[in-house]
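1. 3D, please:
(2 chains)
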Amino acid sequence: DAGVTQSPTHLIKTRGQQVTLRCSPKSGHDTVSWYQQALGQGPQFIFQYYEEEERQRGNFPDRFSGHQFPNYSSELNVNALLLGDSALYLCASGTPSGANVLTFGAGSRLTVL
Amino acid sequence: SQKIEQNSEALNIQEGKTATLTCNYTNYSPAYLQWYRQDPGRGPVFLLLIRENEKEKRKERLKVTFDTTLKQSLFHITASQPADSATYLCAPKGSGNTGKLIFGQGTTLQVKP
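-> Down below sits the predicted model:
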């Protein structure tokens, strides 16, 4: 049973460009959350998708947007890239519950030059 | 605002000893507290969940305590092994079916043979 899969694993962009990251959740999961993790820091919550809608959002600008498809997979889009957007972007899936235990993918390492 | 503090300094211990990691939180009344393990370049992996009405939870060599009065959780690894070397993240979470999980910055554990 495949866990959470993310693509691409690594990518390099230049300032001002746009990027799209993709995520397939673990089988049986229907929520997808995205996190940004800078070096030496814990993951920072970007947003969560459930039933194809953004349900909750962290403190990130509108340059960060997302989408969830009917098959529960998800995309994270970042526009007008800044140097500070360089980070590991993690996708996590789960099911709606109070405890919200998450299964994470291996992440997409984004470098902005 | 909600704040989570974990020891930012790496914890170095000898193989066979017990490692104890601390997670303190403020401006928070979590109903759950989760612990995750993260290896370099990988996504976090869920280890244990403890509920606010539980004082202690065990899983093999792992033990977690949760003191809602002190606003603190302790994470213990007994008979530590070099393979336990990783970064450990805590994530307190409130009740309610929300997707947002807030992580501490993590504590890096290094177990020396």
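
2. Next, the spatially closest residue to B:Arg58 that is not a sequence neighbour: secondary structure please.
-> Of all residues beyond its chain neighbours, the one nearest B:Arg58 is B:Val64 (7.9 Å), with distances taken as C-beta to C-beta, 6 or more residues apart in numbering or on different chains. C-beta here means a position set from N, CA and C on the backbone, and glycine is covered the same way. Secondary structure for B:Val64, judged by DSSP: H, G, I helix; E, B strand; the rest coil, is strand.

3. Tell me what B:Val64 is bridged to.
-> Residues in a beta bridge with B:Val64, per DSSP bridges, are B:Lys57, B:Phe75.

4. where's the residue most central in space within chain A relative to B:Lys63, distance?
-> By C-alpha atoms, centre = their mean, the mean C-alpha position of chain A lies nearest to A:Trp34, the distance being 3.0 Å. Here the criterion is C-beta to C-beta, to the nearest Å. By it, A:Trp34 lies 32 Å from B:Lys63.

5. For the residue nearest to B:Arg58, the count of nearby residues, please.
-> 24 (other C-beta atoms under 10 Å in any protein chain shown).

6. you'd agree it is up against B:Arg51?
-> No - look at B:Val64 against B:Arg51 with C-beta atoms under 8 Å: they stay out of range, at 10.7 Å.

7. Surely B:Tyr28 touches B:Gln2?
-> Yes - here B:Tyr28 reaches B:Gln2: they are 5.0 Å apart, a contact under C-beta under 8 Å.

8. Given the helix or strand bottoming out on mean pLDDT in chain A, what are its sheet partners and their directions?
-> Across the helices and strands of chain A, mean pLDDT, DSSP states H and E gives its lowest value to strand A:53-57, namely a mean of 92. Strand A:53-57 pairs in its sheet with strand A:44-50 (antiparallel), by DSSP bridges.

9. can you give me the mean pLDDT across the strand it pairs with?
-> Averaging pLDDT along strand A:44-50 yields 95.

10. and what of stretch B:83-92?
-> 96.

11. contacts for that stretch?
-> A:42-43, B:4, B:6, B:19, B:21, B:23, B:25, B:28, B:30, B:32-40, B:44, B:47, B:73, B:75, B:77, B:101-104, B:106-111 (C-beta atoms under 8 Å, 6 or more residues apart in numbering or on different chains).
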